[in-house]
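*Asks:* Show me the folded form of this:
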Amino acid sequence: MAKPCFVIPVYNHEDAITGTVASLREFGLPCVLVDDGSDISCRTELEHLAGEQSEWLHLVVREQNGGKGAAVKTGLRAARELGFSHGIQVDADGQHNPADIPQFLQHCKARPEALICGYPVYDESVPVARLLGRYLTHVWVWINTLSLEIRDSMCGLRCYPLAAAVALLDEEFTGDRMDFDPEVLVRWHWRGEPLVQLPVQVRYPTDGVSHFRGLQDNILISAMHTRLFFGMLVRQLRRLKPKAAL
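*Replies:* You can find the predicted model right below:
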């Protein structure tokens, strides 16, 4: 039987996290909040929320900021240690529409072995530069998987089956920052693990906080695509290598 929880990586989202948490409470699921080395104002807010709503909120604190990927990995491992079977990753900044959560829960129950990933349906708030950047990443993901199966590799609304996901994280390298979301999907695909993709509404709040670091994160994402590309080549060469004669 599936036993899901929410996993929310948080870094200096003190103005948004209370509303995000409130929007999820109606689903009656526990929630793992990961404080990724936030400033004192955000940390205080998270401690207040976790103390006030301790019956369903679990706060995990990373003393130093490691990036979104590092926080998600910490949250997934913590969720597994707490006895949950699935971790539903939700961004802290309110981008995701809670109305999309029921379809994730439905598919989690029907396909417990699958990683369930959203692909965005944007409104007019999406920046054009973000769309172009995402499309470039999609192209590289299609090249590195030699398929068009992954429709969107950067959406932060996902449901991970924790046993398989934590095994992947323990056995393979994945980036710690904005490179994590696409890399873990490519490596999931390479393992032949099942993937379910669902349309989700995504908006960019006008007062939202973005932690995308233009130069640094673009370098990390480029490095991620490079290592995946060479990883794909190695995989293909191994497949082409003739088997030794018996």
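*Asks:* can you give me the helices in the protein?
*Replies:* According to DSSP state H, the chain carries its helices in the segments 17-24, 40-52, 68-81, 101-110, 128-145, 162-171, 180-190, 214-240.
*Asks:* So which residue is dead centre in the chain?
*Replies:* Nearest to the geometric centre of the chain sits G156, at 4.5 Å (Cα atoms, centre = their mean).
*Asks:* my read: it touches D91, true?
*Replies:* Yes. Using Cβ atoms under 8 Å, G156 makes contact with D91 at a distance of 4.3 Å. (Glycine included, C-beta is placed from N, CA and C.)
*Asks:* Touching both of those two, which residues are there?
*Replies:* Shared contacts of G156 and D91, defined by Cβ atoms under 8 Å, 6 or more residues apart in numbering, are absent.
*Asks:* List of residues touching the lowest-mean-pLDDT helix or strand in the chain?
*Replies:* Using mean pLDDT, DSSP states H and E, the weakest-scoring helix or strand in the chain turns out to be helix 128-145, at a mean of 84. By Cβ under 8 Å, 6+ apart, the surrounding residues in contact with helix 128-145 are 122, 148, 150-154, 182, 185-186, 189-190, 204, 221, 225, 228-229, 231-232.
*Asks:* Now the buried members of those.
*Replies:* Among those, those scoring as buried are 150-154, 182, 185-186, 189-190, 204, 221, 225, 228, 231-232 (criterion: 16 or more other Cβ atoms under 10 Å).
*Asks:* Can you tell me what sits against stretch 179-194?
*Replies:* By Cβ under 8 Å, 6+ apart, stretch 179-194 touches 67-70, 72-73, 111, 113-115, 117, 137, 141, 144-145, 147, 149-150, 153-156, 164-165, 168-169, 172, 174-175, 195, 217, 220-221, 223-224, 228, 231, 235.
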